[in-house]
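J.: starting from these lines, generate the structure:
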Amino acid sequence: MDLEPTFFGIEPNMAVLHQVIKANSPPSARHAVDQDAQRGSRWRPEALQPEGTGGARQAPSARRSTGGGIALGPKPRKYDQKTPKKMIRLALYSALSDRASMERVAVVDSFAKWETPKTKDAITALGALGLDGKILVVLGSDDATALRSFRNLMNVKTIDKGEVNAYDVLDCDWILFTDETLPSLKENN
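T.: Numbering: from 1, shown residues only. Below you'll find the predicted structure:
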């Protein structure tokens, strides 16, 4: 089958791919317990009252104490950025073109013949197509039976045709489209 060169035949733009994928990465998970979050850091016992005792004005679980809060520790930071729609589209087309150049795009007629959801049918279909590794299955709105058949497989990720993105395309070894979900110029215009 000939794939549409607008989607599958461009030269992949690695710089745009990198920027779009990094822009949507999750924030860092590191966060130090500072004095505000430390339990007991605001409580001051009678013996350490600040006035008249000559002691420092600190609580027993302050930063200087063992088990106290961390001074100037790491805080979570968001790395997301506003990405233009044209850049997101170019990244998706670059990812699809990359998989097409590696001959890792498969197309089937439809999954309409499946009357009941069975994981065994999904395994048989993937085996007949010769797909191995991590597989992205792009499904249409009327492929509910196929969705329920593929969702139990560990190495298969299902996605709706309107939600296909560059990260998921690059994360998988193979992309499986149906005739309905294959990108075409008619849908874009």
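
J.: low-confidence ranges in this protein?
T.: Low-confidence segments of the chain, defined by pLDDT under 70: 41-61, 186-189.

J.: show me the strands in it, by range?
T.: 105-108, 135-139, 156-160, 174-178 (DSSP state E).

J.: packing partners of the last one?
T.: Contacts defined by 3 or more Cβ pairs under 8 Å, 6 or more residues apart in numbering; DSSP states H and E place strand 174-178 against helix 85-101, strand 105-108, strand 135-139. Every C-beta, even on glycine, is put in place using the N, C-alpha and C of the backbone.

J.: highest average neighbour count across those?
T.: strand 135-139 (a mean of 23; mean count of other Cβ atoms under 10 Å).

J.: partner strands of that strand and their direction?
T.: Using DSSP bridges, the strands paired with strand 135-139 are strand 156-160 (parallel), strand 174-178 (parallel).

J.: need the strands of the chain in a markdown table with distance to residue 121, can you?
T.: As requested, the strands of the chain are exported to a markdown table (distance: least, Cβ to Cβ, whole Å):
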| stretch | distance to residue 121 |
| --- | --- |
| strand 105-108 | 13 |
| strand 135-139 | 13 |
| strand 156-160 | 13 |
| strand 174-178 | 14 |
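
J.: and the helices and strands packed on strand 174-178 as CSV, adding distance to residue 3?
T.: Shown next, in CSV, are the helices and strands packed on strand 174-178 (distance: least, Cβ to Cβ, whole Å):
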stretch, distance to residue 3
helix 85-101, 6
strand 105-108, 7
strand 135-139, 13
